[in-house]
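Chemist: Any chance you can model this:
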Amino acid sequence: MKMKEITELSTDELLTKRRDLRQERLHLRLQQQSGQLEPSRLRLLRRDIARLETVLTQRTKQAEKK
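Modeler: You can find the predicted model right below:
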């Protein structure tokens, strides 16, 4: 997921997306423990979650300034 796509989402959509990605991360970690997962997918997922967190934090700080 690109940063441009993330910034175009509403805050509610970001929160929903973050929840979904965290659930997917949990499932991928379980697959990794059983040896059925390639590590690159998990890395990409963590980066997407970090991007979402960054945008949510920026929006929170902007809202506090106003």
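
Chemist: mind checking the longest helix of the chain?
Modeler: Longest helix in the chain, counting residues (DSSP state H): helix 39-65.

Chemist: gap between that helix and the chain center?
Modeler: Using C-alpha atoms, centre = their mean, to the nearest Å, the distance from the centre of helix 39-65 to the centre of the chain it belongs to is 6 Å.

Chemist: helices and strands around it, which ones?
Modeler: helix 3-7, helix 11-33 (3 or more C-beta pairs under 8 Å, 6 or more residues apart in numbering; DSSP states H and E). (Each C-beta comes from the backbone N, C-alpha and C, glycine too.)

Chemist: most tightly surrounded among those?
Modeler: helix 11-33 (a mean of 13; mean count of other C-beta atoms under 10 Å).

Chemist: which residues touch it?
Modeler: Residues from elsewhere that reach helix 11-33 (C-beta atoms under 8 Å, 6 or more residues apart in numbering): 6, 9, 37, 39, 41-42, 45-46, 48-49, 52-53, 55-56, 59.

Chemist: From S10, how far out is Q36?
Modeler: Applying C-beta to C-beta, to the nearest Å, the value for Q36 to S10 is 35 Å.

Chemist: What of K4?
Modeler: For K4, the distance to S10 equals 15 Å [C-beta to C-beta].

Chemist: Ok, A50 next?
Modeler: A50 is 19 Å from S10, by C-beta to C-beta.

Chemist: Adding distance to E64 as columns, could you present the helices and strands packed on helix 39-65 in CSV?
Modeler: Formatted as CSV, these follow (distance: least, C-beta to C-beta, whole Å):
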stretch, distance to E64
helix 3-7, 19
helix 11-33, 14
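
Chemist: With distance to K65 and mean pLDDT as added columns, please give the ones you listed in JSON lines.
Modeler: JSON lines is the format used below for the helices and strands packed on helix 39-65 (distance: least, C-beta to C-beta, whole Å; pLDDT from 0 to 100):
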{"stretch": "helix 3-7", "distance to K65": "18", "mean pLDDT": "92"}
{"stretch": "helix 11-33", "distance to K65": "16", "mean pLDDT": "94"}
